[in-house]
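**Student:** Sequence and predicted structure below; questions after.
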Amino acid sequence: MFLRQFIAVVLLPLLLPLTAIAAPSTPALASVLTLEEAERLSLSDDPAVQRLQARALALAENAIADGQLADPKLKLGVANLPTDSFNRSDTPMTQLQIGVQQAFPRGRSLTYRSRRTEAKGRAEQAMAEDKSLIVLREVRQSWLESWYNHQAAAIIEDSRKLFRQLVKITEFHYSTGAQSQQDVASAQLELSLLEDRLARTREQGEIARAALSQWVGDVAWGGISAVLPELAAIQDTAALSDALRQHPLIRAEEARMDAADNGVQLALEQYKPGFMLDVTYGFRNGRDPDGSNRPNMFTGMVLIDIPLFTSKRQDKRLAASRLDYLAAGYARADRLRKMKKDLDGGYKRWQRLGERSHLFSQRLLGEASLNAEASLNAYQSGITEFTTLIRARLRELDARLQALRIQVDRAKVQAGLLYLSGNPGGASS
């Protein structure tokens, strides 16, 4: 009895602090990476976003160019030059000619071609917006995973210190015959398992830091804030579904549909005739029989396309453009269906994780703490064995880690829902 009381007195100051662990504090560092800072760094110069923005600007410039007439053609030449003398004065028809040709495309082809390119530019701009949202989602989830592993490793490290003391105590009392070899082996096994758990947690933390470094660089390997930030609030499912239809990905698909529709209109315009204006001025040498100078000549012509044989060209291109429009519509419907599935599944998971988080904070953590305290009291009174005390402490540790895991998983799901809602929603500490 005296031995149990002695062990309890030695263990009590080691065991009780564990019950108060909620989230270990991070040692003071010169600089720590907050989620807000990670978001800012990730969006400051992301090459994928910049690439899409550059493509959007390029298409906007091309849209202006596509709406312009083709450059006029300058025509220079000699007409009706006699081959026997090559003298421009010998015949009255010989001319030095200068002229201009200007082509005018069929119908409103320029308008629809410009609109089609402009719609493609809007699609690229929407994809750039979507990429920014993806970057935010990935940064948030990587940062949250890094935060979890950092906090979990600190909790496990505190428990490892405790179990090292337990091993020393059991070894000491085994040498005096007060405890069995099984107690020593059990304490040593739990310590080894805890060390393996700590190693695995640190490994997962390094993987998460590596993923985070993709977006923020080497700063990901430094200190990380101990504060879990609050993300933007999640709306109800009806509001989220409405927001989904305005998501950049959906707007990109709609822009592609608009481009395809203008492609249909452009194909219809090809059934109309195009034309070209040709204006020529001819200079003549020599004199007429009455001795007067030969007058110069002016020629104006209009060349008109005649789209008579359309079955192998216009008809085929119109059919192809209509199929492109149908394909763009199907792509939008398919994209919306998949995103709606992700939204519904993510929202349900977010709700269930919230329920579990509430259960842990309101009941399970307190019950695990009470159970650990009761096991300690029972061990002091000689009612339970040493292994029962160890199991109670491990259950409390598992409960705290599980509560932390649920809290972080819910935040990660929330980041995914913010992406689907198209809401950048910056984090706040």
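**Tutor:** Nice, I can see it.
**Student:** packing partners for the lengthiest helix in the chain?
**Tutor:** If you go by DSSP state H, the chain has its longest helix at helix 109-175. Other helices and strands packing on helix 109-175, by 3 or more Cβ pairs under 8 Å, 6 or more residues apart in numbering; DSSP states H and E, are helix 2-19, helix 35-44, helix 47-66, helix 181-216, strand 223-224, helix 248-269, helix 386-421. To be clear about C-beta, it is placed using only N, CA and C from the backbone, and glycine gets the same treatment.
**Student:** For those, give me TSV that also has mean neighbour count, mean pLDDT and distance to residue 98.
**Tutor:** Putting these into TSV (neighbours: other Cβ atoms under 10 Å; pLDDT from 0 to 100; distance: least, Cβ to Cβ, whole Å) gives the following:
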stretch	mean neighbour count	mean pLDDT	distance to residue 98
helix 2-19	14	48	98
helix 35-44	18	91	58
helix 47-66	15	95	28
helix 181-216	17	88	63
strand 223-224	20	90	76
helix 248-269	21	97	33
helix 386-421	20	92	63
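**Student:** So for residue 113, which of those sits nearest?
**Tutor:** helix 47-66 (4.5 Å; Cβ to Cβ).
**Student:** which stretches of the stretch 251-400 of the chain have low pLDDT?
**Tutor:** 380, 382 (pLDDT under 70).
**Student:** Can you identify each of the helices in the stretch 301-429 of the chain by residue range?
**Tutor:** 314-359, 365-380, 386-421 (DSSP state H, counting those that start in this stretch).
**Student:** Can you check which of those helices gets nearest to residue 151?
**Tutor:** helix 386-421 (5.9 Å).
**Student:** Does anything pack onto that closest one? Which helices or strands?
**Tutor:** helix 2-19, helix 109-175, helix 181-216, helix 237-244, helix 314-359, helix 365-380.
**Student:** got the angle between the last one and helix 314-359?
**Tutor:** An angle of 40 degrees separates the directions of helix 365-380 and helix 314-359 when computed by axes from the mean of the first three to the mean of the last three Cα atoms, to 10 degrees.
**Student:** Output the contacting helices and strands for helix 365-380.
**Tutor:** helix 2-19, helix 386-421.
**Student:** quick one: it to chain centroid distance?
**Tutor:** Here the centre of helix 365-380 is set off from its chain's centre by 46 Å, with Cα atoms, centre = their mean, to the nearest Å.
**Student:** Distance of the residue lying closest to residue 275 once chain neighbours are set aside relative to residue 134?
**Tutor:** Setting aside the residues directly before and after it, residue 275 is nearest to residue 304 in space (Cβ to Cβ, 6 or more residues apart in numbering), at 4.6 Å. Separation of residue 304 from residue 134 (Cβ to Cβ, to the nearest Å) stands at 52 Å.
**Student:** Which of the two has more residues huddled nearby?
**Tutor:** residue 134 (16 against 9; other Cβ atoms under 10 Å).
**Student:** wouldn't that one be in contact with residue 419 here?
**Tutor:** Yes: contact criterion Cβ atoms under 8 Å: residue 134 and residue 419 qualify, at 6.8 Å.
**Student:** Looking at the helices and strands packed on helix 109-175, which is nearest to residue 293?
**Tutor:** helix 47-66 (46.2 Å).
**Student:** Pull that closest one out as CSV, backbone CA atoms only.
**Tutor:** These are the backbone C-alpha positions of helix 47-66, laid out as CSV (Å, rounded to 0.1, in the frame of the first residue of the first chain):
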residue,chain,number,x,y,z
PRO,A,47,3.1,31.4,-62.4
ALA,A,48,0.0,29.4,-63.3
VAL,A,49,-2.3,32.3,-62.6
GLN,A,50,-0.1,34.7,-64.4
ARG,A,51,0.0,32.3,-67.4
LEU,A,52,-3.8,32.2,-67.7
GLN,A,53,-4.0,36.0,-67.3
ALA,A,54,-1.4,36.5,-70.0
ARG,A,55,-3.4,34.2,-72.3
ALA,A,56,-6.6,36.2,-71.5
LEU,A,57,-4.9,39.5,-72.4
ALA,A,58,-3.5,38.0,-75.6
LEU,A,59,-7.0,36.8,-76.7
ALA,A,60,-8.4,40.3,-75.9
GLU,A,61,-5.8,41.8,-78.1
ASN,A,62,-6.5,39.3,-80.9
ALA,A,63,-10.2,40.0,-80.6
ILE,A,64,-9.6,43.6,-81.6
ALA,A,65,-7.4,42.5,-84.5
ASP,A,66,-10.0,39.9,-85.7
